[in-house]
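Structure of the sequence below:
(one chain, ligands or ions: 1)
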Amino acid sequence: MTPKKKSIKVVRKTRELRQQVARWRGRRETIALVPTMGALHEGHLKLVAEARKKAKRTIVSIFVNPRQFAPHEDFDRYPRDEEADLAKLAKAGVDLVWSPAAAEMYPAGFATRIEVEGAARELETDFRPHFFGGVATVCCKLFSQVAPDVALFGEKDYQQLCVIRQMVRDLDLPLTIKGVATVREKDGLALSSRNAYLSEEERKIAPALYAALGKLAADVNAGGSITMLQAEASMGLLAAGFSKVDYVEVREAETLAPYDPAAKRKGRVLAAAWLGRTRLIDNRAL
Ligand code: PAF
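Below is the predicted model:
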């Protein structure tokens, strides 16, 4: 006999989501939310495992958010495989999957956008100016729809995590944000849904990104000029086979302001670089 597949509750309408959440709330059950765009990998499953430790109920949202992609970006080719995602989430013990259609999230006449500054300045914004407004808007909606006690985000998208924390603080949103350490392949490459785009050759070069961040962190800690070391790291990536480097930067870990070693605050090194048509980002603590 073939083992029966575990089924999972998938909700596509806000009304139904709210009814289920209200039933759980009525029983004083706590709720954790893991927002995703699907194409789930071990990194997402680690977020789910952490979520299950934090609350009685775990909700995972799957929504490829059109508002955080520019017209020339990869919205159309972004990997989607709902059946595989649902099987993984059922196995991981998720209570509910929130998977609205775009018209449910953004019905006709939708005309609001959250504007984020502070941690959203520079880095990703210099190259994807539309991005954090789209992320903040959808996350604000997800927080309002699900009303979780806690939401979990990967440190892989470190600037995103800082921007979400800032928005929750600034708008007094009643939930806690928890960052979860990046899951990596054995060779250091951070897990990402976009790794699926890499050719065999590009995949071999990709771990050089994390290695470059490690070298930069060590060199900064040893006390070199930050501007020079950033430029050196960038040249190193090109020499390793990356086709273009958007940025390699050392920043304050919380505010993402330029890093000042004299201030003795926590630092973070962050980078974005291209391998052919694929843009990879990564970061690590100083
Ligand atoms: O990190 C992501 O997958 C997305 O930016 C998020 C947070 C789910 C918002 O669409």
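
residue closest to the middle of the chain?
Taking Cα atoms, centre = their mean, the centroid of the chain lies closest to Asp157, which sits 4.3 Å from it.

Are we agreed that that one is in a strand?
No. Assessed with DSSP: H, G, I helix; E, B strand; the rest coil, Asp157 is helix; it does not lie in a strand.

Okay, buried residues for the helix or strand containing Arg203 please.
Assigned by DSSP states H and E, Arg203 falls within helix 200-205. With burial defined by 16 or more other Cβ atoms under 10 Å, the residues of helix 200-205 counted as buried are 202-203, 205. Heads up, the C-betas are built off the backbone N, CA and C, glycines and all.

from those residues, which single one is nearest Lys46?
Of all the buried residues of helix 200-205, Lys46 sits closest to Arg203, with 21.3 Å by Cβ to Cβ.

Please, where are all the helices along the stretch 1-150 of the chain?
Ranges of helices in the stretch 1-150 of the chain, per DSSP state H, counting those that start in this stretch, are 14-26, 42-54, 82-91, 102-105, 124-127, 131-146.

Only C-alpha atoms, please: export the fifth one in PDB.
Once side chains and other backbone atoms are set aside, the C-alpha atoms of helix 124-127 remain, and they are given as PDB (Å, rounded to 0.1, in the frame of the first residue of the first chain):
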ATOM      1  CA  GLU A 124      19.300  47.100  -2.600                       C
ATOM      2  CA  THR A 125      17.400  50.300  -3.100                       C
ATOM      3  CA  ASP A 126      20.100  51.800  -5.300                       C
ATOM      4  CA  PHE A 127      19.500  48.900  -7.700                       C
END
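
before we move on, back to that, turn the buried residues of helix 200-205 into TSV, including pLDDT and distance to Ala218.
Converted to TSV, those look like this (pLDDT from 0 to 100; distance: Cβ to Cβ, whole Å):
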residue	pLDDT	distance to Ala218
Glu202	98	26
Arg203	98	25
Ile205	98	21
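
any chance of these in TSV, with distance to the ligand too?
Formatted as TSV, the buried residues of helix 200-205 follow (distance: Cβ to the nearest ligand atom, whole Å):
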residue	distance to the ligand
Glu202	22
Arg203	21
Ile205	24
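
Kindly provide the distance from the closest residue to Val135 other than its chain neighbours to Arg184.
Leaving aside its sequence neighbours, Val135 sits nearest to Gln68 (Cβ to Cβ, 6 or more residues apart in numbering; 5.0 Å). Distance, Gln68 to Arg184, by Cβ to Cβ, to the nearest Å: 24 Å.

between these two, which one's more packed in?
Gln68 (21 against 16; other Cβ atoms under 10 Å).

The more buried one: what's it in contact with?
The contact partners of Gln68, by Cβ atoms under 8 Å, 6 or more residues apart in numbering, come to 130-132, 134-135, 138.

buried subset of the residues you listed?
Applying 16+ other Cβ under 10 Å to those flags 131-132, 134-135, 138 as buried.

Adding pLDDT and distance to Ala285, write these out as a markdown table.
Compiled in a markdown table, the buried ones among the contacts of Gln68 are given as follows (pLDDT from 0 to 100; distance: Cβ to Cβ, whole Å):
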| residue | pLDDT | distance to Ala285 |
| --- | --- | --- |
| Phe131 | 98 | 23 |
| Phe132 | 98 | 22 |
| Gly134 | 98 | 27 |
| Val135 | 98 | 22 |
| Val138 | 98 | 27 |
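
need these in a markdown table with distance to the ligand, can you?
What follows is these, written out as a markdown table (distance: Cβ to the nearest ligand atom, whole Å):
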| residue | distance to the ligand |
| --- | --- |
| Phe131 | 8 |
| Phe132 | 9 |
| Gly134 | 7 |
| Val135 | 5 |
| Val138 | 5 |
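
re earlier: pick out whichever of the buried residues of helix 200-205 sits closest to Ile226.
Ranked by distance to Ile226 (Cβ to Cβ), the buried residues of helix 200-205 are led by Ile205 at 25.4 Å.

my guess is that closest one contacts Leu275, does it?
Yes. The criterion here is Cβ atoms under 8 Å, and Ile205 meets it with Leu275 at 6.0 Å.

Brilliant, that's me finished.
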